[in-house]
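Participant: Quick one, fold the following:
(2 chains)
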There are 2 protein chains.
Amino acid sequence: MQRLKKLEEQIGYTFRDTGLLEVAMTHSSYAHEKKIQSYERLEFLGDAVLNFTVASEIFRQNPDRDESFLTNLKSAYVNREYLHRLGKNLGLKKILRHSGPDDIRLDQAVEALIGAIYIDGGYRYARRFIKKYILRKKIKPLEDYKGLIKTLSMRKFNKNVIYRVEKESGPPHKKTFQVIARIPGQQISATGTGRTKKEAEMMASRILLKKLSD
Amino acid sequence: MQRLKKLEEQIGYTFRDTGLLEVAMTHSSYAHEKKIQSYERLEFLGDAVLNFTVASEIFRQNPDRDESFLTNLKSAYVNREYLHRLGKNLGLKKILRHSGPDDIRLDQAVEALIGAIYIDGGYRYARRFIKKYILRKKIKPLEDYKGLIKTLSMRKFNKNVIYRVEKESGPPHKKTFQVIARIPGQQISATGTGRTKKEAEMMASRILLKKLSD
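Facilitator: I've put the predicted structure just below:
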């Protein structure tokens, strides 16, 4: 339980029911093996809490922006890559119980953690966590990346970026897409993953943009 | 304003700021013409409030169900068709201000209405509305339709259902998909629409299932 205590200190929230935190830090690979509960239900809940909180906060903070801006800004905060990085920073990699390969994505664990805080302490504490760790950083709307790379590619090569789904995995209700973005005639390409094709394209665009700008 | 008063009576909630309700009942076609605010920002917010409330309620009501069940049950409550029917039942068709053709989808207006109640009265009243009008009816998880039609089609024709995207419309961040479902060698087909390809496939499956069962 030492590892859970450390996480509680790190996030500044002490669980009344440590069992909830334990479940939130249990990947399905480990849960199936041990025949115990995985974090998947908490992840489902945490995802909804996170989306609501981010939507509500950016709605209030951007009274003059249209819904397209708000949608893209929300995506920037709730996308897999962003949440995975947060999970890494919180040290979830060492805390999460899992079996098999070590390259587990941590975005789901972050959402499960949010779900667990919501159940344990109520909405107020879940929102506090989201504001502190997710909304604190001012970031650009996600849409920008795809638009920017298009503009850049057209100007530089007179060619538009091509996206191709390389891999689709996971059950029907929870797919993961892997997309490759490349510019025809150029040696350069980038891979992005996401929960939707669009999210994966955004991620690939961001990486491609970085490669082109280097 | 008579039409707004009637809606308030109908839903059992009186707005402090009727202007918010007015915006929620203003489609972008009308708003662009008159250069006033449309319901799109409120729809963005209402969508998040709705998803959170439905997720949270069904999480509590189904302690023994896994996350795949919860996801599909949530889809059954927040999908376009279901919300459109609610909008129709609430009489939004006559209240909504819009220009152009009369076949406007009402699901967005329902979400905007939820967003407006949330801003005007706080979360408590938004949740009350959602529980009363959306969660009241016990429905089956959406996934069932696609699974059911597959089983039926395999048994009856020894063929699987084929889905084809017929139309994609709307801006990148808010697409609408129209999908046709058909069974190879059969004259029967069905069209479904949705905010994702999967949602459109579900809807087409449901209609096809109904046609096959008739």
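
Participant: Could you use CA atoms for every contact and neighbour count after this?
Facilitator: Will do.

Participant: Following the chain onward from the helix or strand bottoming out on mean pLDDT in chain A, which element is next?
Facilitator: In chain A, no helix or strand scores lower on mean pLDDT, DSSP states H and E than helix A:143-157, which sits at a mean of 82. Counting by DSSP states H and E, the element after helix A:143-157 in chain order, helix or strand, is strand A:162-169.

Participant: Let me see the mean pLDDT of that following strand.
Facilitator: Mean pLDDT, strand A:162-169: 91.

Participant: And the residue of chain A positioned farthest from its centre, how close does it get to chain B?
Facilitator: What lies farthest from the middle of chain A is A:N158; by CA atoms, centre = their mean that is 32.8 Å. Going from A:N158 to chain B by CA to the nearest CA, to the nearest Å gives 22 Å.

Participant: Next, the angle helix B:40-61 makes with the top helix by length along chain A.
Facilitator: Using DSSP state H to define each element, chain A has its longest helix at helix A:40-61. Between helix A:40-61 and helix B:40-61, the angle comes out at 150 degrees (axes from the mean of the first three to the mean of the last three CA atoms, to 10 degrees).

Participant: other SSEs contacting helix A:40-61?
Facilitator: Using 3 or more CA pairs under 8 Å, 6 or more residues apart in numbering or on different chains; DSSP states H and E, the elements in contact with helix A:40-61 are helix A:67-78, helix A:107-121, helix A:123-133, helix B:40-61, helix B:67-78.

Participant: That one vs helix A:67-78, what angle?
Facilitator: 140 degrees.

Participant: State the mean pLDDT of helix A:40-61.
Facilitator: pLDDT averaged over helix A:40-61 gives 98.

Participant: Spit out the contact partners of the residue nearest to A:Q178 when sequence neighbours are not counted.
Facilitator: Nearest residue to A:Q178, sequence neighbours excluded (CA to CA, 6 or more residues apart in numbering or on different chains): A:T193, at 4.4 Å. Applying CA atoms under 8 Å, 6 or more residues apart in numbering or on different chains to A:T193 gives the contacts A:80, A:176-179, A:199-201, A:203-204.

Participant: rerun at 7 Å
Facilitator: By CA atoms under 7 Å, 6 or more residues apart in numbering or on different chains, A:T193 lies in contact with A:176-179, A:200, A:203.

Participant: quick one: which of those residues sit in helices?
Facilitator: Checked against DSSP H, these include these in helices: A:200, A:203.

Participant: Now do the same contact list for A:L113.
Facilitator: Contacts of A:L113 (CA under 7 Å, 6+ apart): A:21, A:24.

Participant: Now do the most centrally placed residue in chain A against A:L135, distance only.
Facilitator: Taking CA atoms, centre = their mean, the centroid of chain A lies closest to A:R80, which sits 2.3 Å from it. Here the criterion is CA to CA, to the nearest Å. By it, A:R80 lies 15 Å from A:L135.
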